[in-house]
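Student: predicted model and sequence below, questions to follow.
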Amino acid sequence: MKSKAAFVIPGFTSLLILAVVGCGAHAQTYPTKPIRIVNPFSPGGSLDLVARALARTMTVELGQSVFVDNRPGAGSNIGVELVAKAPADGYTLLAMQTSLAINPSLQKQVPYDPIKDFEPISKISSYMFFLVVHPSTPVRSVQQLVSFAKAKPDQLTYASVGVGSGTHLAAELFKSMTGVRMIHIPYKGSGPSIIDLVGGQVALSFGSTSVLPHVLTKKLILLGVSGAQRSSFVSDAPTIAESGVPGYEVTGWNALFAPAGTPAPIINKLNQLVRQGLANPDTRAVMGAQGLDATTSTPQELGELVRSELAKWAKVIKAAGIKPE
């Protein structure tokens, strides 16, 4: 029996080899010009400060300028879309947070696909929320909170920094997992929400580290933290999961992405640069001041995280009846 001859496209193998070699050579010389990290939020926020600290360390390591370009607007869509449509050459990157996986369920339409339009590079940092109550609220533990809220549905109010924010969704996940009913009071930012929380106008909140100074002065009482592990900022506070709500976990994140199609050697080089940058004491100090933990990942791990968060928050948003805007 004659063997079947393999079908070969003339010159295809040579072209493939040249493409692979060219890609590797490009990664070796990369970067040859400044790198822009787009932040789709206004200057001064925690993501902005962390991105700038990381850009400084990357500039030193590369010997090439790395800078942050703030492009706020449309709930972060302007900046995110800009990167989604940028050339996939490693010179335009995206610094983004958990809202990348939340916005597709909160908004009727987003001008990007969080999976198809980006190449994950690495997580940059992570953070959790702190479940606090006003001292006038007659609960001193997570279990007491659940019992009280079940006995008196819709009597407790909770503050958030806005509809669809992490502080809102952390509370909605808590409600769905415990079966309690509480009234949501959204605010425009953490400042006004904390003022009313400390003043007793609202009963509780899943706040950021900005609530911790008021815990120290006993103006607020800390019941638990939202992370899978205890917080490095208040190590004696239990997690909500270990306090009677098994499986509860909300961990926010900041991460770095590139446009889809960016060559793998460049992605891997950027991943290594992030790891080096996060090992820098100055960068870690900036993160600590913002209540963030320096956290890295492989590109694959970050991609899996985005996929799992998309599914998780879509389910929470639907159960809470939050309508897309």
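Tutor: Received, thanks.
Student: low pLDDT regions in the stretch 201-325 of the chain?
Tutor: Along the stretch 201-325 of the chain, the model assigns pLDDT under 70 to residues 325.
Student: what are the pairing partners of the lengthiest strand in the chain, and which direction each?
Tutor: Counting residues, the longest strand found in the chain (DSSP state E) is strand 118-128. Strand pairing for strand 118-128, using DSSP bridges, gives strand 251-259 (antiparallel), strand 293-294 (antiparallel).
Student: which of those strands sits most buried?
Tutor: strand 251-259 (a mean of 23; mean count of other C-beta atoms under 10 Å). Where you see a C-beta, it was placed from the backbone N, CA and C, and this is true even at glycine.
Student: any idea how far that strand is from the middle of the chain?
Tutor: From the chain centre to the centre of strand 251-259 is a distance of 6 Å (C-alpha atoms, centre = their mean, to the nearest Å).
Student: could you count how many residues lie near the closest residue to Leu54 other than its chain neighbours?
Tutor: Leaving aside its chain neighbours, Leu54 sits nearest to Gly277 (4.6 Å; criterion: C-beta to C-beta, 6 or more residues apart in numbering). By the criterion of other C-beta atoms under 10 Å, Gly277 has 27 neighbours.
Student: what's the helix ranked longest in the chain in contact with?
Tutor: The residue-count maximum for a helix in the chain (DSSP state H) belongs to helix 299-320. Outside helix 299-320, the residues that touch it by C-beta atoms under 8 Å, 6 or more residues apart in numbering are 98, 100-102, 104-106, 114-115, 119-123, 164, 169, 172-173, 175-176, 253, 255, 267-268, 271, 297.
Student: run the last query once more with 6 Å
Tutor: 101-102, 105, 114, 120-121, 123, 169, 172-173, 176, 255, 267, 271 (C-beta atoms under 6 Å, 6 or more residues apart in numbering).
Student: and what of stretch 115-131?
Tutor: Under C-beta under 6 Å, 6+ apart, the answer for stretch 115-131 is 50, 84, 170, 206-207, 211, 222-227, 231, 250-258, 260, 262, 267, 270-271, 274, 287, 291-297, 299, 302-303.
Student: circling back to that earlier point, hmm, which of the contacts of helix 299-320 are the buried ones?
Tutor: 101-102, 105, 114, 120-121, 123, 169, 172-173, 255, 267, 271 (16 or more other C-beta atoms under 10 Å).
Student: how about the residues you listed, which pair is most distant?
Tutor: Based on C-beta to C-beta, the longest span within the buried ones among the contacts of helix 299-320 runs between Glu172 and Ile267 and measures 34.2 Å.
Student: would CSV of the strands paired with strand 118-128 with distance to Glu61 be doable?
Tutor: What follows is the strands paired with strand 118-128, written out as CSV (distance: least, C-beta to C-beta, whole Å):
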stretch, distance to Glu61
strand 251-259, 14
strand 293-294, 16
